[in-house]
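Undergrad: test case, fold it:
(one chain, ligands or ions: 3)
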Amino acid sequence: MNILNASQIRNLDAHTIQNEPISSLDLMERASRAFVRWLCARFDNRRPLVFFCGKGNNGGDGLAIARILSAKGYGVTVYVVDYTEKSSDDFSKNLQRLQEHLTVHYIKEEKDLPKLTGEEILIDALLGSGLTRPAEGLLAATIETMNESPARVISVDIASGLYMDKVNGDDDAIVRPDYTVSFQLPKLAFMIPQNGPFAGDWLVVDIGLNETYIEKTKTPYFFTDKRSARKLIRDREKFSHKGTFGHALLLAGSFGKMGAAQLCGGACLRSGVGLLTLHVAGCGYEIIQIALPEAMCSVDIHEKMLTTLPDLNAYSAIGVGPGLGKEPQTLQMLENLIGEAKVPMVWDADALNLLSENPDLLKKLPEHTIITPHPKEFERLAGKSKDDYARLELARSFAGEHKLIVVLKGAHTSVIFPDGTVHFNATGNAGMATGGAGDVLTGILTSLLAQKYSPQDAARLGVYQHGIAGDRAAKARTKTAMIASDIVENMGW
Ligand SMILES: NC(=O)C1=CN([C@@H]2O[C@H](COP(=O)(O)OP(=O)(O)OC[C@H]3O[C@@H](n4cnc5c(N)ncnc54)[C@H](OP(=O)(O)O)[C@@H]3O)[C@@H](O)[C@H]2O)[C@@H](O)CC1
Ligand SMILES: Nc1ncnc2c1ncn2[C@@H]1O[C@H](COP(=O)(O)OP(=O)(O)O)[C@@H](O)[C@H]1O
Ligand SMILES: [K+]
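TA: Ligands and ions are numbered 1, 2, ... in the order given. This is a model prediction of the structure:
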């Protein structure tokens, strides 16, 4: 799914209005009804709803939503923040419609702000995608009132005060919603880690904007949701055999960190690979043979760490890094690996840390290798960034400069191609912020590469499937209790 910027969304809006055709007022009504459907499915009419509306189209949505919910028997109080003389046409028309049924309150100065009990549900319809500058004065005071209340807050389209596609100032007034119900498309702002508190649990509701226009609009940003992930997956053909699905090699684990090899290997096996060999330090031989009877084991000459490579000719893909340690002999093995590998690879964890310490090696990494840094590992590789938008830009130029597939891990992991395209992932949850979850991902990606998925498809699909397994694990065990091996146990799609 494409992620569009603010001006592209405005054009999309105009295109839909002109070509469907539909009036802008009816489009607002359709958006409002989509919001109402979501709200009614989630909240019954026992709790009072308090609306805070601006005077643009976001405020217009708020007024329309209030009218529809009031007709459905919800208790509705509406405040319009009177911060400007100007108002949009559709705001004015909806104000007129609403006033036929309900008294609207105006906030003209701060003392007009209501006292909230915390029992209400607050609907934030102050500012939407039309934000051009930070919210100040009366708008900022209203935002503060909402944020200070213990009541639940639901933002219409996007939290008021949050830019859709660029960084906010540290002191900007921005609503901190529990939920954002966004129209048609996810917004770039929702993907950015530092915006977590300003997105809340966000979701997208369909308002029938022109799909062909969305598909045709050029953007570097995409969202890998269920529909786009499904397009990547290949069926297992009836007459296939284990040779069809490749032979993966994992170079992982060291003394005290053999669990990383086990998690990585387990995930690789459960992602459809034909055969798996783990190359491990001597101390890992029994552990791996017992823990993963389906895998073969190749044993290093060193008892505690990896120092040498097995013959690489048998393998169709290689994953390296989890639990590796950073000893000089291991670095030597990585240098040899870069010289000898002729198949697609995934580099993770300590393999990346060793690359950061040896930039010459980084330059030699084969094109289209997948690297899977978490933010700290990425900082070691590419340097510091002043904010999370800047880090995304740095990752795009890093992927381009080194011709790598960069999988920048976190919530909404971004998969970045050398051409600068970014695919944000839809799945996963904070229960995955636990040791070993990244090792599981490396196993999945190596398996998909061994099965001859292109590095681009393997990265997008693998990250998606990893998140699905994490979501299932959270359902089974809760986000708090789940551990990385639960992700492996819950794989399969
Ligand atoms: N996209 C879609 O498909 C659909 C969108 N819909 C809805 O429309 C919403 C966008 O509405 P919108 O364009 O009228 O802008 P909105 O956010 O209400 O702001 C209003 C005006 O405020 C101003 N302003 C900006 N920043 C400011 C600030 N800090 N402090 C004070 N003023 C500020 C600025 O005007 P300016 O003063 O810059 O001339 C701006 O134009 C969208 O989020 C969604 O809810 C649906 O109804 C239908 C389908
Ligand atoms: N809050 C979160 N939401 C979704 N996924 C997350 C979150 N935190 C971590 N993850 C995922 O869990 C994995 C953690 O990887 P990593 O930090 O390398 O852990 P480890 O090194 O312990 O294996 C990544 O794939 C990341 O995307
Ligand atoms: K809003």
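Undergrad: residue 479 contacts residue 431, doesn't it?
TA: Yes. Residue 479 is within contact range of residue 431, at 3.3 Å (criterion: CB atoms under 8 Å). Using the backbone N, CA and C atoms, a C-beta is placed for each residue, glycine as well.
Undergrad: neighbour count for these two, which is higher?
TA: The residue with the greater number of neighbours, taking residue 479 and residue 431 and applying other CB atoms under 10 Å, is residue 431; the counts read 21 against 16.
Undergrad: hmm, that one is touching residue 478, no?
TA: Yes. Contact status for residue 431 versus residue 478: in contact at 7.2 Å, counting by CB under 8 Å.
Undergrad: surely residue 68 touches residue 36?
TA: Yes. The criterion here is CB under 8 Å, and residue 68 meets it with residue 36 at 4.9 Å.
Undergrad: which ones are touching residue 343?
TA: 312, 315, 316, 317, 318, 449 (CB atoms under 8 Å, 6 or more residues apart in numbering).
Undergrad: repeat the analysis, applying 6 Å as the threshold.
TA: Contact analysis of residue 343 by CB atoms under 6 Å, 6 or more residues apart in numbering lists 316, 317.
Undergrad: ok, now residue 106?
TA: Shown here is residue 106, whose contacts under the criterion CB under 6 Å, 6+ apart are 80, 82.
Undergrad: ok, now with 10 Å
TA: Taking CB atoms under 10 Å, 6 or more residues apart in numbering as the criterion, residue 106 is in contact with 78, 79, 80, 81, 82, 112.
Undergrad: again, but for residue 333
TA: The contact partners of residue 333, by CB under 10 Å, 6+ apart, come to 251, 279, 300, 302, 305-309, 320, 324, 327, 351, 354.
Undergrad: run the last query once more with 6 Å
TA: Residue 333 makes contact with 306, 307 under the criterion CB under 6 Å, 6+ apart.
Undergrad: so it is in which element?
TA: Element membership for residue 333, per DSSP states H and E: helix 328-340.
Undergrad: mean confidence for that helix?
TA: Here helix 328-340 scores 98 as its mean pLDDT.
Undergrad: repeat for stretch 250-270
TA: Mean predicted confidence for stretch 250-270 is 98.
Undergrad: which residues of the stretch 151-300 of the chain lie near ligand 3?
TA: 155, 156, 160 (CB under 5 Å from the ion).
Undergrad: how much space between the last one and residue 217?
TA: With distances defined as CB to CB, to the nearest Å, the gap from residue 160 to residue 217 amounts to 25 Å.
Undergrad: swap in the second one?
TA: Taking CB to CB as the criterion, residue 156 is separated from residue 217 by 23 Å.
Undergrad: residue 261 too?
TA: When distances are taken as CB to CB, residue 261 and residue 217 turn out to be 44 Å apart.
Undergrad: neighbour count winner among these two?
TA: A direct count of neighbours by other CB under 10 Å for residue 261 and residue 217 places residue 261 higher, at 31 against 17.
Undergrad: ok, the more buried one touching residue 252?
TA: Yes. The pair residue 261 / residue 252 is scored as a contact, 3.9 Å apart, by CB atoms under 6 Å.
Undergrad: list residues touching both of those two?
TA: Overlap between the contact sets of residue 261 and residue 252, as judged by CB under 6 Å, 6+ apart, is given by residue 323.
Undergrad: and residue 59, how many neighbours?
TA: Counted with other CB under 10 Å, residues neighbouring residue 59 total 29.
Undergrad: switch to numbering from 57
TA: That works, and once the first residue is 57, the last one we named lands at residue 115.
Undergrad: and it, what pLDDT?
TA: Predicted confidence (pLDDT) for residue 115: 98.
Undergrad: which helix or strand contains the nearest residue to residue 309 once chain neighbours are set aside?
TA: When the adjacent residues along the chain are set aside, residue 309 lies closest to residue 317, with 3.1 Å between them (CB to CB, 6 or more residues apart in numbering). Residue 317 belongs to helix 314-325 when assigned by DSSP H and E.
Undergrad: give me the residues contacting that helix.
TA: Outside of helix 314-325, the residues within contact range by CB under 6 Å, 6+ apart are 304, 306, 308-309, 332, 334, 336, 340, 343, 347-348, 350-351, 378-379, 492, 495-496, 498-500, 502-503, 540, 544.
Undergrad: convert that helix to CSV, retaining C-alpha atoms only.
TA: This file holds the C-alpha atoms of helix 314-325, laid out as CSV (Å, rounded to 0.1, in the frame of the first residue of the first chain):
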residue,chain,number,x,y,z
MET,A,314,24.4,-20.7,21.8
GLY,A,315,20.8,-19.9,22.4
ALA,A,316,21.1,-17.3,19.6
ALA,A,317,22.1,-20.1,17.2
GLN,A,318,19.2,-22.3,18.4
LEU,A,319,16.6,-19.5,18.0
CYS,A,320,17.9,-18.5,14.6
GLY,A,321,18.1,-22.2,13.4
GLY,A,322,14.6,-23.0,14.8
ALA,A,323,13.1,-20.0,12.9
CYS,A,324,14.9,-20.9,9.7
LEU,A,325,13.6,-24.5,9.8
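Undergrad: if I take the helix or strand following it and helix 384-396, what angle do their directions form?
TA: Helices and strands here follow DSSP H and E; after helix 314-325, the next one along the chain is strand 331-336. Between the direction of strand 331-336 and that of helix 384-396, the angle (axes from the mean of the first three to the mean of the last three CA atoms, to 10 degrees) works out to 140 degrees.
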